[in-house]
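>>> Below is the structure, and that's it, no one-letter string:
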């Protein structure tokens, strides 16, 4: 049977810095299993920091299809079965059977540690895993919220080490006040953190490798180990925050790994796109309003609808896609993969 626009049930991730905004503001409900293995609903008072909307992270978070004939199957099972038809010929060679994108919504009510993620090559060579680049869309943020990205001047390795140990590392970082509609790209190797009340959607690589440079809680030995691991890939040079922040419509990031686009449609507006030349799966995260998705070829004319905080996966086999906004219009963030010229991924060499 042919693939179709895929929607998945949200997967909750409890965090000490999380809150209840994913329940209260996005209307999410989460199915979990109790101690006896019985399915139940997660209490809306649970501090959930992240909701995985599209995830292939095994025991750490696995999405289950919620619509169509594949409902009940995990994303891993669907990827292994459909491979090129789902993620594309070139991506399947690079990523193997792991779905290559992670989509999540986050509710930050406290402080995230200052941390950094390795690039793909470093992550493969050391950890047999993917690195991580992140793309954030700010849905809501209080006036006292802050995001720290990169350094406000060139740092030496010695100063980085000392500031991480004495807790003054944020003094050397750019502090921005996020606002609704901000889009923030955080490349691999860039130190970052966040604090205050922030509701955001994030599209990133499916990796859990992170090194905490400072969180105010870990021991000095733990901090030294994390700093040492990141020292040869962290970006010590001064960062220009303007290069990381955007509010424009259209293509907002076009890197060697992926292309990310911000799409805004007026109430009941429509966008139709031919996809015959594409060789990549696409994910769409709805950050405002709601929208319906239909694709070709697909014999079922049913529309897959997503609202604020939900995502849809459009398989690489699609030849055409139509998006129709709801009565309030919509804002969508889409991501698709770029062709990799050198197939040096961990799936090929592991």
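Now that the structure is in, tell me what you want to look at. Please read all numbers here as calculations on a predicted model, not as lab measurements. Numbering: from 1, shown residues only.

>>> Select the helix or strand of this structure having the lowest average pLDDT value.
When the helices and strands of the chain are compared on mean pLDDT, DSSP states H and E, helix 346-349 comes out lowest with a mean of 45.

>>> Domain-wise, how is this structure divided?
Taking automatic domain parsing as the reference, the chain has its domains at 11-246, 250-338.

>>> Centroid-nearest residue for this structure?
Here the mean C-alpha position of the chain is nearest to the C-alpha of residue 203 (CA atoms, centre = their mean), at a distance of 2.4 Å.

>>> Next SSE downstream of the host helix or strand of it?
When secondary structure is defined using DSSP states H and E, the element that contains residue 203 is strand 198-204. Secondary structure here is assigned by DSSP H and E; on that basis, the next helix or strand after strand 198-204 toward the C-terminus is strand 211-214.

>>> for that following strand, packing partners?
For strand 211-214, the contact count by 3 or more CB pairs under 8 Å, 6 or more residues apart in numbering; DSSP states H and E identifies strand 114-116, helix 157-166, helix 220-230 as packing neighbours. (Each C-beta comes from the backbone N, C-alpha and C, glycine too.)

>>> got the buried residues for the last one?
When neighbours are counted by 16 or more other CB atoms under 10 Å, the buried residues of helix 220-230 are found to be 223, 226-227, 229-230.

>>> same question, the second one
With burial defined by 16+ other CB under 10 Å, the residues of helix 157-166 counted as buried are 159-161, 163-164.

>>> now do the shortest one
Within strand 114-116, the residues that qualify as buried are 114-116, counting by 16+ other CB under 10 Å.

>>> just curious, which of these is nearest to residue 252?
The shortest separation between residue 252 and any of the buried residues of strand 114-116 is 22.2 Å, and it belongs to residue 116 (by CB to CB).

>>> What separation do you get for the closest one and residue 182?
To residue 182, residue 116 is 21 Å away according to CB to CB, to the nearest Å.

>>> Same check on residue 100?
Counting by CB to CB - residue 100 and residue 182 are separated by 25 Å.

>>> per-residue pLDDT, the most far-flung residue of the chain relative to its centre?
The centre of the chain is farthest from one residue, residue 158, which by CA atoms, centre = their mean lies 31.9 Å away. The confidence metric pLDDT takes the value 96 at residue 158.

>>> From residue 216, how far out is it?
Per CB to CB, residue 158 is found 21 Å from residue 216.

>>> Could you check how far the lengthiest strand in the chain is from the centre of its chain?
Longest strand in the chain, counting residues (DSSP state E): strand 320-337. The offset between the C-alpha centroid of strand 320-337 and the centroid of the whole chain comes to 17 Å, using CA atoms, centre = their mean, to the nearest Å.

>>> helices and strands around that strand, which ones?
Counting by 3+ CB pairs under 8 Å, 6+ apart, the packing neighbours recorded for strand 320-337 are strand 134-141, strand 198-204, strand 258-265, strand 270-274, strand 282-296.

>>> for that strand, which positions count as buried?
Judged by neighbour count using 16+ other CB under 10 Å, the buried positions of strand 320-337 are 321, 323-326, 329-337.

>>> which one among these gets closest to residue 137?
Relative to residue 137, the closest of the buried residues of strand 320-337 is residue 333; by CB to CB it sits at 5.2 Å.

>>> Hmm, the closest one is touching residue 282, no?
No - Residue 333 is beyond contact range of residue 282, at 11.0 Å (criterion: CB atoms under 8 Å).

>>> any low-confidence regions in the stretch 251-350 of the chain?
Within the stretch 251-350 of the chain, the stretches with pLDDT under 70 are 299-302, 341-350.

>>> And the chain, by the same measure?
Under the criterion pLDDT under 70, the flagged ranges of the chain are 299-302, 341-350.

>>> and with 80 instead?
Across the chain, residues meeting the criterion (pLDDT under 80) sit at 1, 218, 298-302, 340-350.

>>> that's a helix at residue 23, yeah?
Yes - with the criterion set as DSSP: H, G, I helix; E, B strand; the rest coil, the secondary structure at residue 23 is a helix.

>>> distance of it from residue 37?
With the distance defined as CB to CB, residue 23 ends up 24 Å from residue 37.

>>> what about the helices in the stretch 1-150 of the chain?
Counting by DSSP state H, counting those that start in this stretch, the stretch 1-150 of the chain has helices at residues 21-24, 75-82, 84-87, 89-95, 120-127.

>>> Need those helices in JSON lines (columns: distance to residue 50 and mean neighbour count).
What follows is the helices of the stretch 1-150 of the chain, written out as JSON lines (distance: least, CB to CB, whole Å; neighbours: other CB atoms under 10 Å):
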{"stretch": "helix 21-24", "distance to residue 50": "8", "mean neighbour count": "20"}
{"stretch": "helix 75-82", "distance to residue 50": "16", "mean neighbour count": "18"}
{"stretch": "helix 84-87", "distance to residue 50": "23", "mean neighbour count": "20"}
{"stretch": "helix 89-95", "distance to residue 50": "22", "mean neighbour count": "20"}
{"stretch": "helix 120-127", "distance to residue 50": "20", "mean neighbour count": "17"}
